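Asks: sequence first, then the predicted structure, then my questions.
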Amino acid sequence: MTGFTGKVAVVTGAARGIGAAVARALAADGAAVGLVDIASEGLERTADAIAGQGGRAAVVRADVTSEPEVAAAFEHLAADLGGVDMLASFAGVVGYAPAPDCDEREWDRIMGVNAKGPFLCVKHAIPHIRRRGGGAVVLTSSIMAFATEQTAAVYSASKAAVAAMTGAMALDHAGEGIRINCIVPGVIRTELLDDAAALFDTDDPKALVESWGLRHPIARIIEPDEVAQVVRFLLSDAASAVTGSCYRVDGGLLSRLG
């Protein structure tokens, strides 16, 4: 695996979950990391963890659904850290309801963070990555984009949009030496997963989370650090021939579902 010394990565959704794990992994491998999230307190925790391991991080609080905030975040981080070589997009929300019970604001909330957010981040990352002579982007889809369930129409739509964008944007920028891929996570032990479980079972959401993990053929929940290692690969030169791909990190679940 090639190290990231001298490289700059911007990680969105870096306050917790997969985003925080990816930020720590990239920093441990030598990258300077720009941390973006709407949750200031969580951002500082991630930055402190990176500093504690001897890494360098800069923090920007921004809403990924706001183009002015996204543009300003990339300008600030590029100036502070010396450029942008990589983007890892992990800001996300969950929500579940059948269509008749889903109001327009809920549609806008989920699609805004999960689909519009990654689009805006790529839009404003590409000019900076281009100036560095190329680089890599990893976005976040979900197994729910490919094998959905009841009440998940909007969430599944938002994650399917990411998978579709990945291929299209990879074609747009392949000639510039910019690779764009996405990951397709299964059940990952994150706060976002806890949020989802709480929507279904307010009595014992932790038990529900564990039962979801048992759906994987590997018979357990996947840890954020395991996902981070796949992202680390996709951002590295070891994946130099990989672009436009959706990488499953699902413990074999989609293979089971067919």
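Replies: Cool, the structure landed.

Asks: make it CA atoms for all contacts and neighbour counts henceforth
Replies: Will do.

Asks: go ahead and confirm Ala31 touches Gly6.
Replies: Yes: Ala31 sits in contact with Gly6 when judged by Cα atoms under 8 Å, with a separation of 6.3 Å.

Asks: neighbour count: those two, which is higher?
Replies: Ala31 (24 against 10; other Cα atoms under 10 Å).

Asks: distance of the more buried one relative to Ser236?
Replies: Distance of Ala31 to Ser236, given as Cα to Cα, to the nearest Å: 11 Å.

Asks: list residues touching both of the two?
Replies: By Cα atoms under 8 Å, 6 or more residues apart in numbering, Ala31 and Ser236 have these common neighbours: Phe4.

Asks: the residue nearest the centre of the chain - nearest residue in space that isn't next to it in sequence?
Replies: By Cα atoms, centre = their mean, the chain has its centre lying nearest to Phe90, at 2.1 Å. Distances taken as Cα to Cα, 6 or more residues apart in numbering put Gly13 closest to Phe90, at 4.7 Å, once the chain neighbours are dropped.

Asks: am I right that Glu44 is in a helix?
Replies: Yes: the assignment for Glu44, made by DSSP: H, G, I helix; E, B strand; the rest coil, places it in a helix.

Asks: tell me the contacts of it?
Replies: For Glu44, the contacting residues are 15, 59, by Cα under 8 Å, 6+ apart.

Asks: kindly report the same for Leu193.
Replies: Leu193 sits in contact with 187, 209, where contact means Cα under 8 Å, 6+ apart.

Asks: how much space separates Leu171 from Lys206?
Replies: With Cα to Cα as the criterion, Leu171 and Lys206 are 41 Å apart.

Asks: Pro98 too?
Replies: Distance of Pro98 to Lys206, given as Cα to Cα: 24 Å.

Asks: which one's more surrounded, the two?
Replies: Lys206 (15 against 11).

Asks: where does the closest residue to Phe233 other than its chain neighbours land on pLDDT?
Replies: Counting by Cα to Cα, 6+ apart, the nearest residue to Phe233 once its immediate chain neighbours are dropped is Ala239, at 6.3 Å. For Ala239, the model assigns a pLDDT of 98.

Asks: which residues sit in contact with the residue nearest to the centre of the chain?
Replies: Phe90 neighbours (Cα under 8 Å, 6+ apart): 11-14, 18-19, 139-140.

Asks: what do you get if the cut-off is 6 Å, keeping everything else the same?
Replies: 12-13, 19, 140 (Cα atoms under 6 Å, 6 or more residues apart in numbering).

Asks: which ones among the residues you listed map onto helices?
Replies: Among the contacts of Phe90, the members found in helices (DSSP state H) are Gly19.

Asks: specify which member of the contacts of Phe90 is nearest to Phe74.
Replies: Closest approach between these and Phe74, by Cα to Cα: Thr12, at 10.8 Å.

Asks: doesn't Gly92 make contact with that closest one?
Replies: No: with contact defined as Cα atoms under 6 Å, Thr12 does not count as touching Gly92 (9.3 Å).

Asks: when those two are compared, which one has more neighbours?
Replies: Neighbours per residue (other Cα under 10 Å) separate Thr12 from Gly92, with Thr12 holding more: 33 against 23.

Asks: enumerate the beta-bridge partners assigned to the more buried one.
Replies: Using DSSP bridges, the bridge partners assigned to Thr12 are Val36, Ser89.
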